[in-house]
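A.B. asks: all I have is the shape, not the residue letters:
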């Protein structure tokens, strides 16, 4: 059965996209925190929201075999904890100011999802897709290197931020493929619980490891950030509020709105509506942070978003209407 057309569906997706764009803005107050600590609190708070939904489906854990736990841990560690850490580190490289660049590079997630699906699920990768992916990466190049020359001098942090942002996008994109291996056995709520719980534990262990390294070596920091256990209880009310808003507004609330909107929106229309995410991020950056872009960066933005629009529409048109959308949403930030 096809989706029923409703004007409220597209509006909900646009609203969801706008909520996603607030993520980078909300993280500005987390600038002094180590990204690993941000990942821990983000997943721990999210786990509290997911737990009630998981409790009703907890019996599904028995369905998972030893082989299934590999993809589950990959989603929790790489596609969740590591992705958030890389994303937050990318924002720190540009002082959380020109965050629009980091958000724009997240639009490459479908590329990584398809490439990883080809490796993991042996899905066919067409020449048409590879051509569009190459065009999209040309847009990425113009955004990261506005003078159109490879400049790895990270004095401004743009090149390093772009590299970390692409790694984050690839990490989130991988969740789609590995999620397909698990969602035929358990519900989305069960997988979400496993994802957030594993991510929270991994982030905690990684932070403790870095903290122990600092203590034993006398180093002042690791990767440019101090990791002291006292930081767990030294968060300011503003920082806790920002973390709560990230989980509630750009996480759980956005996910619910997105699923509800998809039920009443054709895939082609939904893809266009999702462009409100990078568009609103650009507006926020220009209005609140006085961001500016060179002519080559503007051309790169148009190339990237245009090619990703075509790729996303092509992939959604070939996906299973309901299950495909749920699986695809796993990799969304």
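C.D. replies: Noted; the coordinates are in hand. No experiment lies behind these values; they were computed from the predicted model shown.
A.B. asks: return the set of buried residues in the longest helix along the chain.
C.D. replies: Taking DSSP state H as the criterion, the chain has its longest helix at helix 188-217. Of the residues in helix 188-217, 188-204, 206-207, 210-211, 214 count as buried by neighbour count, 16 or more other Cβ atoms under 10 Å. Bear in mind the C-beta positions are built from the backbone N, C-alpha and C, glycine included.
A.B. asks: same check, this time on stretch 259-272
C.D. replies: For stretch 259-272, by 16+ other Cβ under 10 Å, it's 259, 261-262, 264-267, 269-272.
A.B. asks: circling back: residues making contact with the next helix-or-strand element following the longest helix of the chain?
C.D. replies: Counting by DSSP states H and E, the element after helix 188-217 in chain order, helix or strand, is helix 237-247. With contact meaning Cβ atoms under 8 Å, 6 or more residues apart in numbering, helix 237-247 is reached by 23, 26-27, 29-30, 33, 38, 41-42, 45-46, 49, 235.
A.B. asks: top of these by neighbour count?
C.D. replies: Greatest neighbour count in those, by other Cβ atoms under 10 Å, goes to residue 42: 26 neighbours.
A.B. asks: just checking, it touches residue 85?
C.D. replies: No. Residue 42 lies out of contact with residue 85 (Cβ atoms under 8 Å); the separation is 10.1 Å.
A.B. asks: distance check, the residue nearest to residue 82 when sequence neighbours are not counted against residue 208.
C.D. replies: Once flanking residues are discounted, residue 82 sits nearest to residue 171: 5.5 Å by Cβ to Cβ, 6 or more residues apart in numbering. Distance, residue 171 to residue 208, by Cβ to Cβ, to the nearest Å: 22 Å.
A.B. asks: same deal with residue 134?
C.D. replies: Residue 134 is 42 Å from residue 208, by Cβ to Cβ.
A.B. asks: likewise for residue 230?
C.D. replies: Taken as Cβ to Cβ, the span from residue 230 to residue 208 is 13 Å.
A.B. asks: now do residue 267
C.D. replies: Counting by Cβ to Cβ - residue 267 and residue 208 are separated by 43 Å.
A.B. asks: buried residues in the one helix or strand residue 26 maps to?
C.D. replies: In this structure, residue 26 sits in helix 8-26 according to DSSP H and E. Buried positions in helix 8-26, judged by neighbour count with 16+ other Cβ under 10 Å: 9-10, 12-26.
A.B. asks: which strands and helices sit next to the following helix or strand past that helix?
C.D. replies: Counting by DSSP H and E, the element after helix 8-26 in chain order, helix or strand, is helix 35-55. Helices and strands touching helix 35-55, as assessed by 3 or more Cβ pairs under 8 Å, 6 or more residues apart in numbering; DSSP states H and E, comprise helix 83-93, helix 188-217, helix 237-247.
A.B. asks: what's in contact with helix 35-55?
C.D. replies: 27, 30, 80-81, 84-86, 88-89, 92, 189-190, 192-193, 196-197, 199-200, 203-204, 206-207, 210, 225, 227, 231-232, 235, 243-244, 246-248, 251-252.
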